[in-house]
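Q: Pasting the sequence and the predicted model now:
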Amino acid sequence: MTQVLNAARARIGPLLQKAQSTVEPTYRLAEKHAVSQYDSLMKQNAEYVVKDPEAASKLLRQYVFTSLSRIPSGISHAKQEYQQVSQKLGQGTHIDMKEAGTYAVFAAEVYAWFCVGEIVGRGFTFGGYNI
C-alpha cells in the first residue's frame, strides 16, 4: 500500500510543482493589482471612513431606521396617486390611448413578475411544486 502511495506522490509531485509555478506569477500580479486598487479606493474615500468604533456600530441601525422613517411618506404618495387614478376612472372621462397603453403594460409587467416569482418559488420548474 505504501508503495502505491509513494508512486502516486512521485507522479503527482512534479505536476503539482508545475501547476504552482504556472499559477503563482498570475496570482502575485492579480494580488498586486487588487491591493493597489483597494489602496486607491480607500485614499479617494478616506473622508467617509468612520474612525470612532461607537459611531460605526450605530451606522447600520441609523440606515435601517432612517429608511423605515420614509415609509409613511411613501404610503401618502401612493394614496394620492390612487386617488388621482380613481378620480380619473370614476368620472367617466375618456382616457387617451397612450395612458391606457401605459396602464396595460404596467398590469402585464406586474403579472409577468408574479409568474417569474411562482417559477422561482417552485424551484425553477414549470410543472408544479415538489412535494
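A: Now that the structure is in, tell me what you want to look at. Numbers count the residues shown, from 1 in each chain.
Q: quick one: contacts for residue 50?
A: 56, 59 (C-beta atoms under 8 Å, 6 or more residues apart in numbering). Backbone N, C-alpha and C define where each C-beta goes, glycine included.
Q: repeat that for 6 Å
A: Contacts for residue 50 (C-beta atoms under 6 Å, 6 or more residues apart in numbering) come out as residue 56.
Q: how near is it to residue 59?
A: 7 Å (C-beta to C-beta, to the nearest Å).
Q: show me where the chain has helices.
A: In the chain, the helices defined using DSSP state H lie at 2-44, 53-69, 71-90, 97-121.
Q: Let me have the ones you listed in JSON lines, extended by distance to residue 127, mean pLDDT and mean neighbour count.
A: JSON lines is the format used below for the helices of the chain (distance: least, C-beta to C-beta, whole Å; pLDDT from 0 to 100; neighbours: other C-beta atoms under 10 Å):
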{"stretch": "helix 2-44", "distance to residue 127": "44", "mean pLDDT": "87", "mean neighbour count": "10"}
{"stretch": "helix 53-69", "distance to residue 127": "39", "mean pLDDT": "93", "mean neighbour count": "9"}
{"stretch": "helix 71-90", "distance to residue 127": "36", "mean pLDDT": "90", "mean neighbour count": "10"}
{"stretch": "helix 97-121", "distance to residue 127": "10", "mean pLDDT": "91", "mean neighbour count": "10"}
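Q: Would you mind giving the domain segments of the protein?
A: According to automatic domain parsing, the chain comprises the domains 2-46, 52-93, 94-131.
Q: I'd like the distance between residue 88 and residue 114.
A: Counting by C-beta to C-beta, the gap from residue 88 to residue 114 is 25 Å.
Q: Sorry, wrong one. I was asking about residue 127.
A: 18 Å.
Q: now swap in residue 18 and tell me
A: Taking C-beta to C-beta, one finds residue 18 at 54 Å from residue 114.
Q: Please apply the same query to residue 43.
A: 47 Å.
Q: now swap in residue 78 and tell me
A: 19 Å.
Q: Please apply the same query to residue 121.
A: From residue 121 to residue 114 the distance is 10 Å (C-beta to C-beta).
Q: do residue 29 as well
A: The value you get for residue 29 to residue 114, if C-beta to C-beta is used, is 48 Å.
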